[in-house]
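Sequence and computational prediction follow.
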Amino acid sequence: MKAHIVLLPGDGVGPEVTAAAWSVLTAVARRGGHRFEGSEASIGGAAIDATGQPLPAATLAACEAADAMLLGAVGGPRWSDPSAPVRPEQALLALRRHFELFANLRPVPLFPALAAFSPVKPERLAGADILFVRELTGGLYFGERREQGEGDAAFDTMSYTVAEVERVGRVAFAAAQARRGKLTSVDKANVLASMRLWRRTITRLAADYPDVELEHQLVDSCAMRLMTHPASFDVVVTENMFGDILSDEAGVLSGSLGLLPSASLGAARRGLYEPVHGSAPDIAGQGIANPVGAILSAALLLRHSLGLEAEAVAVEHAVAGAFADGARTADLATPGERTLSTEEMTAAVIARLAGET
Ligand code: NAD
């Protein structure tokens, strides 16, 4: 197949991990006879320096012309003044809004070879495989907010429409159908009216997905169960802020922030794919960033924007295989063990990919 992917390296380690993910995509293309064209566009702090804007018009045009967007990370101490009129992270919000990317998929990758790096005991982790579907353009982060009076009062609003819950709910039900057939919907329906609407809507949708087992959990008890019974989850769907917090919590099960991928999807096939980590200014430019979060994001791109499921699985297996062979980046180091650079880790994944059938 032919596809055009726009690369948005951004700041800090962003360019290093984006280059790694692109090398893997190039290897996938070679192996499968596909033609992936990549073009680079500036975003975040780097774009502010070059043009004064975190998301220049030329970058947005390049994204519109592409089949998928692969982002590194944005931000860093250079642009961290919260009162500055333009800030790197505005680019992410603008992209989400422009392309209506309402569903944020965050799988929690758990590799048996890395079990020792998880804060949870291996026997509790055994069999765990969780996919979060976080609502990304509504809820508490997007509701009306105001600071009142002399700054002695303030409010935020959590609001949802049925249509907003339905569209993210359908993404989650479909994901559960393609996995192990279980969906956990997380809310706070015992207290919040918007969350009662959430629960009613998800319950009604379930009739269209008879092969999916639906359960509801309150957000507080879900937070505990993720640590005590991680293997009891398959797909988890939830409100924007709840999903932000719970997916970060579950991410620690993996053992390193550098491993976590994400996809932001809308109604169209074109999605935005990026590792969960930030620009890691403390290690930027040293060639030691873990590229796996970006590489697994590229796997999500193959699955969700290009429809190349077998290729996505091959990349995921290649990463697991590299870890099983003992490949370790500095964030996964045990004393005395040799660690791999970003490029060496990428090469280890590509070498494993060559052996995948
Ligand atoms: P961070 O994720 O950049 O780093 C947190 C810690 O994790 C650091 O010690 C870092 O070295 C380590 N780390 C992160 N990615 C790694 C990788 N691939 N391999 C190995 N170690 C890795 O978070 P932060 O320090 O809070 O934020 C730094 C900057 O990134 C800030 O400007 C922040 O706003 C921005 N940020 C951007 C995004 C994004 O682009 N989506 C997300 C989070 C933070």
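Great, that's in hand. Numbering: from 1, shown residues only.

Do I have it right that residue 254 meets residue 112?
No: applying Cβ atoms under 8 Å, one finds residue 254 not in contact with residue 112, separated by 11.9 Å. (C-beta placed from N, C-alpha, C; glycine too.)

Look at those two and report which has more neighbours.
Applying other Cβ atoms under 10 Å to residue 254 and residue 112 shows that residue 254 carries more neighbours, namely 22 against 11.

For the more buried one, give me its contacts.
108-111, 114, 117-118, 260 (Cβ atoms under 8 Å, 6 or more residues apart in numbering).

Look up how far the ligand lies from it.
From residue 254 across to the ligand, the span is 12 Å (Cβ to the nearest ligand atom, to the nearest Å).

what about the strands in the stretch 1-150 of the chain?
2-10, 35-40, 68-73, 103-108, 130-135, 145-148 (DSSP state E, counting those that start in this stretch).

out of these, which comes closest to residue 204?
Ranking the strands of the stretch 1-150 of the chain by proximity to residue 204 (Cβ to Cβ) places strand 130-135 first, at 16.6 Å.

Who does that closest one pair with, and is each partner parallel or antiparallel?
strand 103-108 (antiparallel), strand 235-238 (parallel) (DSSP bridges).

That one close to the ligand?
No: Strand 130-135 lies apart from the ligand when judged by Cβ under 6 Å from any ligand atom; the minimum separation is 13.6 Å.

Likewise for stretch 280-295?
Yes: under the criterion of Cβ under 6 Å from any ligand atom, the ligand is reached by stretch 280-295 at 280-283, 289-290, 293.

just the residues of the stretch 201-350 of the chain that are near the ligand, which are they?
Counting by Cβ under 6 Å from any ligand atom, the stretch 201-350 of the chain sits next to the ligand at 257-258, 274, 277-283, 289-290, 293, 331.

among the residues you listed, which two are most distant?
By the measure Cβ to Cβ, these have their two most distant members at 274 and 282, which lie 19.2 Å apart.

the more surrounded of those two?
Neighbours were counted for residue 274 and for residue 282 using other Cβ under 10 Å; residue 274 has more, 28 against 9.

quick one, helices of the stretch 151-300 of the chain?
For the stretch 151-300 of the chain, helices defined by DSSP state H, counting those that start in this stretch occupy the ranges 162-178, 193-205, 219-228, 240-251, 292-304.

Turn those into a markdown table, including mean neighbour count and mean pLDDT.
What follows is the helices of the stretch 151-300 of the chain, written out as a markdown table (neighbours: other Cβ atoms under 10 Å; pLDDT from 0 to 100):
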| stretch | mean neighbour count | mean pLDDT |
| --- | --- | --- |
| helix 162-178 | 20 | 98 |
| helix 193-205 | 18 | 98 |
| helix 219-228 | 16 | 98 |
| helix 240-251 | 21 | 96 |
| helix 292-304 | 27 | 98 |
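
hang on, the earlier thing: pick the most deeply packed of the strands of the stretch 1-150 of the chain.
Sort those by mean neighbour count, taking mean count of other Cβ atoms under 10 Å, and strand 68-73 sits at the top with a mean of 28.

how distant is stretch 338-348 from the center of its chain?
How far stretch 338-348 lies from its chain's middle: 22 Å, per Cα atoms, centre = their mean, to the nearest Å.

ok, residue 19 - contacts?
By Cβ under 8 Å, 6+ apart, the residues touching residue 19 are residue 9.

gap between it and residue 287?
The gap separating residue 19 from residue 287 is 10 Å, by Cβ to Cβ, to the nearest Å.

Can you tell me the closest non-neighbouring residue to residue 350?
residue 27 (4.7 Å; Cβ to Cβ, 6 or more residues apart in numbering).

so where's the protein uncertain?
Across the chain, residues meeting the criterion (pLDDT under 70) sit at 357.

Spatially central, which residue of it would that be?
Centroid check for the chain by Cα atoms, centre = their mean gives residue 262 as the closest residue, at 1.4 Å.

And stretch 143-163, what's buried?
For stretch 143-163, burial by neighbour count (16 or more other Cβ atoms under 10 Å) applies to 158, 160.

Just the CA trace of that stretch, in CSV.
Listed next in CSV are the C-alpha coordinates belonging to stretch 143-163 (Å, rounded to 0.1, in the frame of the first residue of the first chain):
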residue,chain,number,x,y,z
GLY,A,143,-16.2,22.6,30.3
GLU,A,144,-16.8,26.2,31.3
ARG,A,145,-14.4,27.5,34.0
ARG,A,146,-14.0,30.8,35.8
GLU,A,147,-12.0,32.4,38.6
GLN,A,148,-14.3,34.7,40.5
GLY,A,149,-14.1,37.8,42.6
GLU,A,150,-10.6,38.6,43.9
GLY,A,151,-9.4,35.1,43.1
ASP,A,152,-11.1,33.7,46.3
ALA,A,153,-13.4,31.4,44.3
ALA,A,154,-13.2,29.4,41.1
PHE,A,155,-15.2,26.7,39.3
ASP,A,156,-14.8,24.1,36.5
THR,A,157,-17.6,22.2,34.8
MET,A,158,-17.9,18.6,33.7
SER,A,159,-20.4,18.3,31.0
TYR,A,160,-21.1,15.8,28.2
THR,A,161,-23.7,15.4,25.5
VAL,A,162,-25.1,12.0,24.6
ALA,A,163,-23.5,12.3,21.1
